[in-house]
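Q: Sharing a sequence plus its predicted fold:
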Amino acid sequence: MRMLASGRRCHGLLRCSVPASPTVRFGQNQAALQRRHGRREIYYRALTDIVYDVNLLGVTMVLPINGLATGIGSLPFLDEYEAVNFVLKSLPKIPHWPQLPGKGEQEGFVFQYLYPLVKSELLSIKDGQAYFDTAHPDWIDRLTCFYSLYLEAESGNPEALEQFSFPRSAAAGFYAFEELIGKEGHTEAVYFKGQLTGPLTVGFQIKDEKGRQAYYDEQLRDILVKSLAMHARWQANKLAALGQPVIVFIDEPAISVYGQVSYITISTEMIQNDISAIVKSIHESGAHAGVHSCDEVDWSLLFGVDLDIVSLDVYNYGDSLLHCAQEMKSFLDRGCVMAWGIVPTNEDAFKVTDDSLLLLLKKLWQELVNRGMDMEVLKKQSMITPACGTGLLSKELTERIYQLNSQISDKIRVEL
């Protein structure tokens with residue numbers, strides 16, 4: 001037992017920020033906890049024999065990850081059942097539902113994550129491109145309908161939340177994942193992982209009728225953020241129904257523009273507030289939230305958000321962490337996790353070995369230790385992933401990448 005900053009005792013790997021709050025132990029009655037603490041968002045699940053984080057008033061639990069492997073999301077398969085079986089075999093502890101871009105544009109982010117905006121006709125499709133037609137005479141009425149639906153979903157109406165789902169034709173891998181696990185079970189899994197595209201990336205891709213990027217329009221950005229937040233909640237709820245805790249990654253490659261002269265109007269507050277809105281929605285569903293970016297980023301931007309996991313391409317950009325080592329240390333001290341994308345998602349995967357990649361990762365870890373971090377913390381609060389998704393690669397290369405991913409994870413876990 002260790003003492004928390006507040007003077008209360010702490011079991012296992014519990015961390016506490018101020019102010020302290022009640023923890024949830026397995027076997028306690030949820031209703032009793034709600035009465036005692038006045039909280040309706042208490043969430044608990046029997047995963048291990050340690051206290052589990054419920055995001056209550058600042059108490060943060062170290063996720064029991066310990067070097068487990070997962071993937072980013074996209075795969076090159078065309079058959080969704082083949083893709084799911086590949087994931088379950090390759091990533092038995094933290095399987096993710098597979099995005100399948102090879103199936104066509106219907107598997108793109110517009111139909112996956114913004115379908116409510118298409119159904120409400122806020123988004124129009126022309127020549128395969130989605131755009132906001134703010135000049136349409138029915139724009140205000142459509143906007144009113146969307147916000148009414150959002151408020152219903154946000155308040156807990158399950159029928160309204162269902163409107164933020166994606167259609168089966170846009171996410172065949174998700175529904176196959178749900179079907180196979182629901183039918184056959186998957187006893188090895190300790191988490192199920194989902195993912196969605198982030199607001200900055202979406203907001204740069206979607207434009208208005210005049211060709212202006214939606215992210216720069218405050219109202220359009222708000223529509224995108226709210227739609228993504230409700231979709232994230234829906235996805236987390238659906239995955240949780242399969243019987244294990246859930247992790248949801250927000251894929252945000254466009255965050256790399258932060259700080260560039262050409263994007264000077266993109267502020268810290270804009271990015272953090274938008275991501276935080278989606279993270280909050282994920283947390284309120286009882287799931288853990290991460291952000292993934294496969295480019296060089298000022299990571300302090302993400303360490304300042306209430307995230308549980310930060311995921312990056314350390315094969316190419318690991319040194320970028322050295323510039324914000326103190327912020328990263330504070331992030332880990334809160335009990336959060338780094339997802340190390342150490343496996344290259346290009347032809348380099350055929351040239352490297354699991355040992356050479358593990359050596360590269362440990363060299364980075366040693367650099368971080370030299371800057372004040374603890375090696376055991378780095379190992380325990382780590383997740384191993386490919387550097388990015390593999391949806392545009394060959395099956396052969398993808399199989400090699402996932403093989404390396406599992407081998408590195410296994411070797412790290414042996415050391416713990």
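A: Looks like it arrived, so ask away.

Q: quick one: residue 388 and residue 72 touch, right?
A: Yes - between residue 388 and residue 72 there is a contact at 5.8 Å, judged by C-beta atoms under 8 Å. To be clear about C-beta, it is placed using only N, CA and C from the backbone, and glycine gets the same treatment.

Q: shared neighbours of those two, anything?
A: 294, 341 (C-beta atoms under 8 Å, 6 or more residues apart in numbering).

Q: Which parts of the stretch 201-350 of the chain are helices?
A: Here the stretch 201-350 of the chain has its helices, by DSSP state H, counting those that start in this stretch, at 218-240, 268-284, 300-303, 314-317, 325-333.

Q: what residues does the host helix or strand of residue 367 touch?
A: Element membership for residue 367 (DSSP states H and E) is helix 354-370. The contact list for helix 354-370 (C-beta under 8 Å, 6+ apart) reads 314-315, 318-319, 321-322, 325, 328, 340, 342-343, 373, 375, 378-379, 404, 407-408, 411-412.

Q: Quick one, which of the helices of the stretch 201-350 of the chain gets closest to residue 400.
A: Residue 400 lies closest, by C-beta to C-beta, to one member of the helices of the stretch 201-350 of the chain: helix 314-317, at 13.9 Å.

Q: For residue 121, see how far away the residue lying farthest from the centre of the chain is.
A: Going by C-alpha atoms, centre = their mean, the residue of the chain most distant from its centre is residue 137, 37.2 Å out. Relative to residue 121, residue 137 is positioned 12 Å away (C-beta to C-beta, to the nearest Å).

Q: So for residue 388 and residue 72, which residue has more residues nearby?
A: Comparing residue 388 with residue 72 by neighbour count (other C-beta atoms under 10 Å), the higher total belongs to residue 388, at 29 against 25.

Q: In contact with the residue nearest the centre of the chain, which residues are there?
A: In the chain, the centroid-proximal residue (C-alpha atoms, centre = their mean) is residue 249; its distance is 0.9 Å. Residue 249 makes contacts with 72, 73, 193, 194, 195, 196, 289, 290, 291, 292, 309, 311, as judged by C-beta under 8 Å, 6+ apart.

Q: Just the residues you listed: which are in strands?
A: Of the contacts of residue 249, the ones assigned to strands by DSSP state E are 193, 194, 195, 196, 289, 290, 291, 292, 309, 311.

Q: Can you verify my assumption that the first one contacts residue 70?
A: Yes - using C-beta under 8 Å, residue 193 is in contact with residue 70, at 5.3 Å.

Q: Any chance you could list residues touching both of those two?
A: With contacts defined as C-beta under 8 Å, 6+ apart, the residues shared by residue 193 and residue 70 are 94, 95, 96, 247.

Q: What pLDDT is listed against the last one?
A: Which is residue 247. Turning to residue 247, the model gives it a pLDDT of 98.

Q: Flag the shaky bits of the protein, pLDDT-wise.
A: 1-64 (pLDDT under 70).

Q: swap the cut-off to 80 and go again
A: Within the chain, the ranges that satisfy pLDDT under 80 run 1-64, 109-111, 128, 185-187, 259, 261.

Q: neighbours of residue 350, just the number please.
A: Using other C-beta under 10 Å: residue 350 sits among 12 other residues.

Q: Next one: it from residue 404, what distance?
A: From residue 350 across to residue 404, the span is 10 Å (C-beta to C-beta).

Q: Also residue 104?
A: Residue 104 is 29 Å from residue 404, by C-beta to C-beta.

Q: more crowded one of the two?
A: Using other C-beta under 10 Å as the criterion, residue 104 and residue 404 rank with residue 404 on top: 24 against 12.

Q: Which residue ranges of this protein form strands?
A: Going by DSSP E, the chain shows strands at 2-3, 9-10, 14-16, 59-61, 68-69, 123-126, 129-132, 192-197, 207-208, 246-251, 288-293, 309-312, 337-343, 382-386.

Q: Using a markdown table, lay out those strands together with distance to residue 160.
A: Shown next, in a markdown table, are the strands of the chain (distance: least, C-beta to C-beta, whole Å):
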| stretch | distance to residue 160 |
| --- | --- |
| strand 2-3 | 44 |
| strand 9-10 | 39 |
| strand 14-16 | 36 |
| strand 59-61 | 31 |
| strand 68-69 | 35 |
| strand 123-126 | 19 |
| strand 129-132 | 22 |
| strand 192-197 | 18 |
| strand 207-208 | 26 |
| strand 246-251 | 20 |
| strand 288-293 | 22 |
| strand 309-312 | 28 |
| strand 337-343 | 32 |
| strand 382-386 | 33 |
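
Q: Compare those strands and give me the one nearest residue 265.
A: Set against residue 265 and scored by C-beta to C-beta, those come closest in strand 207-208, at 16.2 Å.

Q: what's the closest one packed up against?
A: Where contact means 3 or more C-beta pairs under 8 Å, 6 or more residues apart in numbering; DSSP states H and E, strand 207-208 is packed against strand 129-132.

Q: Check what contacts the strand it packs on and list those residues.
A: 110, 114, 118, 122-124, 206-209, 214, 217, 220, 223.

Q: Check the residues you listed and tell me the two furthest apart.
A: Farthest-apart pair in the contacts of strand 129-132 is 118 and 217; separation 18.3 Å (C-beta to C-beta).

Q: Run a quick neighbour tally on residue 109.
A: Neighbours of residue 109 (other C-beta under 10 Å): 21.

Q: which ones are touching it?
A: Neighbouring residues of residue 109 by C-beta under 8 Å, 6+ apart: 196, 197, 201, 202, 205.
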